[in-house]
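Visitor: Pasting a predicted model and its sequence here:
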Amino acid sequence: MQREAGLNTKGYSERDDKRILDALGRGLLREFPNPDRTGCPGSAVLKRIASHEMPLAEAEKWLDHLTSCSPCYRDFSELQAGYRHRRMQTILAIAASILIVVGVAGWALFFKQKGAAVVQTAVLDLRNRSVPRGGEANPGEQPLEVSRAVRHLNVYLPLGSSEGPYEMRIATTTGSAVFATNGVASLKDGVTSIQVAVDLSSAPSGQYVFQVRRPDSNWTSYPVILH
Ligand SMILES: [Zn+2]
């Protein structure tokens with residue numbers, strides 16, 4: 001027996017509904033006028049049958065009457081149409097609530113990922129890097145790599161660097177800065193480091209140099225790849 005899970009109660013199937021309607025449908029609207037409503041079960045019973053609140057076994061005994069009483073058939077048809085309409089509305093409401101849940105979950109996931117991106121921090125570890133001059137990469141040393149999506153840089157300055165103010169920038173290999181900022185280095189656990197906010201989203205991917213200096217000193221440059 002085919003059922004719509006959870007919606008079709010008390011043993012009715014679509015086939016039962018159709019069987020009832022088919023049995024009732026053969027000209028019943030006019031052939032059995034029954035103006036005095038003799039033997040009619042009453043609208044409460046019709047309503048319970050149409051809404052499937054009455055078990056089918058109990059409803060069976062009224063089917064003979066419904067097949068021989070035009071007013072009851074008309075009432076039943078209207079009630080059943082209303083019931084089908086409400087059931088469709090229920091299905092639509094369930095579908096809508098599923099869409100809402102999916103939508104909310106989607107937004108939550110979106111903001112979660114966005115949030116993860118916002119707090120993303122890149123570490124630029126300069127501690128054991130040789131100090132190339134003029135932005136030339138030191139052969140055998142991999143350039144630094146930074147995602148353009150990062151929002152914070154944590155720069156570990158070369159060993160022995162002093163605390164205090166520093167200037168930093170990321171420049172193209174021809175020397176134009178795509179990002180510049182100031183920070184104050186502090187010594188913690190033997191590492192002199194600076195944390196700065198960064199926005200590299202408008203810089204194209206490619207080769208750059210990361211430059212750092214004490215104020216009024218010369219830049220020290222490290223090759224860096226933005227990707
Ligand atoms: Zn009747």
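Guide: Alright, I've got the coordinates.

Visitor: Now do the phi/psi pair for the residue of the chain lying at maximal distance from its centre.
Guide: Centroid-distance maximum for the chain: residue 36 at 60.3 Å, with C-alpha atoms, centre = their mean. Phi and psi for residue 36, reported as degrees, to the nearest 10, are phi -90, psi 0.

Visitor: list the contacts for it?
Guide: Not one residue lies near residue 36 by C-beta atoms under 8 Å, 6 or more residues apart in numbering. In this view, the C-beta of every residue, glycine as well, is placed from N, C-alpha and C.

Visitor: Quick check: pLDDT value at it.
Guide: Listed pLDDT for residue 36 reads 89.

Visitor: What of the one 3 residues further on?
Guide: The predicted structure scores residue 39 at 91 on the pLDDT scale.

Visitor: Just give the number of residues close to it.
Guide: A count of nearby residues for residue 39, using other C-beta atoms under 10 Å, gives 12.

Visitor: now the one 5 residues further on
Guide: The number of residues packed around residue 44, counting by other C-beta under 10 Å, is 10.

Visitor: any idea which strand is longest in this structure?
Guide: Of all segments of type strand in the chain, defined using DSSP state E, the longest is strand 177-188.

Visitor: pLDDT (mean, whole number) over that strand?
Guide: 92.

Visitor: As PDB, could you dump the C-alpha coordinates of it?
Guide: Presented in PDB, the C-alpha positions along strand 177-188 are these (Å, rounded to 0.1, in the frame of the first residue of the first chain):
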ATOM      1  CA  ALA A 177      54.700  49.400  -2.500                       C
ATOM      2  CA  VAL A 178      51.400  47.600  -2.600                       C
ATOM      3  CA  PHE A 179      51.100  47.600   1.200                       C
ATOM      4  CA  ALA A 180      52.900  49.600   3.900                       C
ATOM      5  CA  THR A 181      52.400  49.700   7.600                       C
ATOM      6  CA  ASN A 182      54.100  50.500  10.900                       C
ATOM      7  CA  GLY A 183      54.400  48.200  13.900                       C
ATOM      8  CA  VAL A 184      56.100  47.900  17.300                       C
ATOM      9  CA  ALA A 185      58.200  44.800  17.800                       C
ATOM     10  CA  SER A 186      58.300  43.100  21.100                       C
ATOM     11  CA  LEU A 187      60.400  40.300  22.500                       C
ATOM     12  CA  LYS A 188      58.600  37.200  23.800                       C
END
